[in-house]
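In: I would like to see how this sequence folds:
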Amino acid sequence: DSEEGQLETAAGDQHDGVNYTRLMAIAAMDESTDAIDAARCGLVVIPEDLLKFSNLTRLYLSDNRLIAVPSDLFVQMPLLAYLDLRFNAIERVPPAIGKLSHLKTLLLTGNRISALPVELGLASALTSLSVTDNPLVFPSPEVVKQGVRAIVAFLRSRCGDAVFVTRESE
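Out: Sure thing, here's the model as predicted:
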């Protein structure tokens with residue numbers, strides 16, 4: 001078999017649980033696209049190529065094997081309004097999430113998150129937050145039961161004078 005044929009096979013199949021066909025299609029998308037569905041792609045890390053989509057308002061990353069979310073995601077995608085990270089193995093949400101002033105919906109169900117960052121309280125547009133099926137201890141279950149408004153208010157009250165480190169060169 002030719003090398004080209006092997007590449008086609010590798011790209012068309014799913015190896016190690018990663019769906020390379022979908023990932024290649026995403027990488028080939030126009031950078032001005034406003035929505036990407038990379039759910040059920042078998043991702044362990046968020047591909048660097050994904051960070052080029054600075055106009056995204058909706059990002060679907062559910063049902064992967066992600067263990068971390070890079071802070072760059074929130075810096076490079078400032079227009080995100082809908083972020084679906086359900087059913088991964090994420091242990092923490094980076095404080096930079098507070099930079100997402102357009103974020104309305106954040107879905108974190110079914111991860112390994114024990115504490116939400118206080119900076120999430122700065123996401124002023126947040127109206128929908130799903131955190132069930134996480135070993136969450138901060139905020140407390142009593143606060144979580146009261147819903148998104150109570151969670152955001154609690155986190156904001158704990159934020160104090162949190163100052164973000166920003167890149168002055170950009």
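In: Which residue ranges of the protein form strands?
Out: All strands of the chain, identified by DSSP state E, fall at 14-15, 18-19, 35-37, 58-60, 82-84, 105-107, 128-130.
In: Just give me the neighbour total for the nearest residue to D37 once chain neighbours are set aside.
Out: The spatially closest residue to D37, leaving aside those adjacent along the chain, is Y60, at 4.4 Å (CB to CB, 6 or more residues apart in numbering). For every residue, glycine as well, the C-beta is placed using N, CA and C. The criterion is other CB atoms under 10 Å. On that basis, Y60 has 19 neighbouring residues.
In: repeat for A35
Out: A35: 13 neighbours (other CB under 10 Å).
In: again with R92
Out: So R92, with other CB under 10 Å, has 15 neighbours.
In: and it, what does it touch?
Out: 68, 113-115, 117 (CB atoms under 8 Å, 6 or more residues apart in numbering).
In: can you pick the most crowded of those residues?
Out: Busiest of those [other CB under 10 Å] is I113, holding 22 neighbours.
In: pLDDT wise, what is D13 at?
Out: Looking at D13, its pLDDT reads 47.
In: Give the residue spans of this protein that score low on pLDDT.
Out: Along the chain, segments meeting pLDDT under 70 span 1-17, 161-170.
In: Kindly recompute the last result at 80.
Out: 1-24, 27-28, 160-170 (pLDDT under 80).
In: Now do the helices in it.
Out: 3-12, 20-27, 71-76, 141-145, 148-159 (DSSP state H).
In: F87 is nearest to which of these?
Out: The closest of those to F87 is helix 20-27. By CB to CB, the value is 16.8 Å.
In: Show me what that closest one is packed against.
Out: Packing partners of helix 20-27 (3 or more CB pairs under 8 Å, 6 or more residues apart in numbering; DSSP states H and E): helix 3-12.
In: got the contact list for the closest residue to N134 other than its chain neighbours?
Out: Closest residue to N134 in three dimensions, ignoring its sequence neighbours and counting by CB to CB, 6+ apart: I113, at 4.4 Å. I113 makes contact with 90-93, 131, 134-136, according to CB under 8 Å, 6+ apart.
In: count of residues packed around D30?
Out: Around D30 there are 7 residues (other CB under 10 Å).
In: where's it relative to P47, distance?
Out: D30 is 17 Å from P47, where distance means CB to CB, to the nearest Å.
In: and what of R112?
Out: From R112 to P47 the distance is 21 Å (CB to CB).
In: Kindly report the same for P135.
Out: 27 Å.
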